[in-house]
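A.B. asks: just a sequence and a predicted model for now, questions to come.
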Amino acid sequence: MTLRDDLNANLKQAMRDRAADRLSTLRLISAAIKDRDIAARGEGEDTSGVNDAEILAILAKMVKQRQESARTYEEGGRLDLAEREMNEITVIEEFLPKQLSDDEVVAAVEAAVAEVGAESIRDMGKVMGALKAKYTGQMDFGKVGPKVKDQLSK
């Protein structure tokens, strides 16, 4: 079962359960995926829609956007809106793979450095590319970047 099928099944179940908040978030996810499908068709890519890896990237981006919004709302004293953003994050994260622990991230970085034969900071792009290919949705690449730099500067 593909991620797209899983999302559609959950969307239908949320309709049956009359879970308004969950349904709203699932519709946002669906709309984001459809937007990417349309953009891909416009670029002449495969007409069957985006693959699971791209869907994971979309979901990860949606989580990051909501985290930033929640932080902004909290700073502005709008805890009700911050809570809504956090609830949306919970729904979106159901479809993302389990996040790697810090130890697993360090091990993944070391493996990626060895895999691409990276020797200096100039090879950081290759290492990040390898990590994104294998671990999309499983780690925050904004936090992984400094770890890659540390590994390459040893």
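C.D. replies: Cool, the structure landed. What you are looking at is a predicted structure, and each value in this text was computed from that prediction instead of being measured.
A.B. asks: domains for this structure, by residue range?
C.D. replies: What automatic domain parsing lists as the domains of the chain is 3-93, 102-152.
A.B. asks: mean pLDDT lowest for which of these?
C.D. replies: Among the domains of the chain, domain 102-152 has the lowest mean pLDDT, at a mean of 82.
A.B. asks: measure that domain end to end?
C.D. replies: End-to-end distance for domain 102-152, by Cα to Cα, to the nearest Å: 18 Å.
A.B. asks: tell me the pLDDT at Lys98?
C.D. replies: At Lys98, pLDDT is 81.
A.B. asks: tally of neighbours for the residue lying closest to it once chain neighbours are set aside?
C.D. replies: With Cβ to Cβ, 6 or more residues apart in numbering as the measure, Gln138 is the residue that lies nearest to Lys98, at 6.9 Å, once sequence neighbours are left out. To be clear about C-beta, it is placed using only N, CA and C from the backbone, and glycine gets the same treatment. Counted with other Cβ atoms under 10 Å, residues neighbouring Gln138 total 17.
A.B. asks: so Gln138 touches Glu93, yeah?
C.D. replies: No: Gln138 is not in contact with Glu93 according to Cβ atoms under 8 Å; the separation is 11.4 Å.
A.B. asks: which residues touch the residue nearest the centre of the chain?
C.D. replies: Geometric centre of the chain, nearest residue: Ala60, 1.5 Å, by Cα atoms, centre = their mean. For Ala60, the contacting residues are 96, 136-137, by Cβ atoms under 8 Å, 6 or more residues apart in numbering.
A.B. asks: again, but for Arg71
C.D. replies: Going by Cβ under 8 Å, 6+ apart, Arg71 touches Ala82.
A.B. asks: please, where are all the strands along the chain?
C.D. replies: Applying DSSP state E to the chain gives no strands.
A.B. asks: can you give me the helices for the chain?
C.D. replies: In the chain, the helices defined using DSSP state H lie at 3-17, 20-42, 52-75, 79-93, 102-116, 124-135, 141-152.
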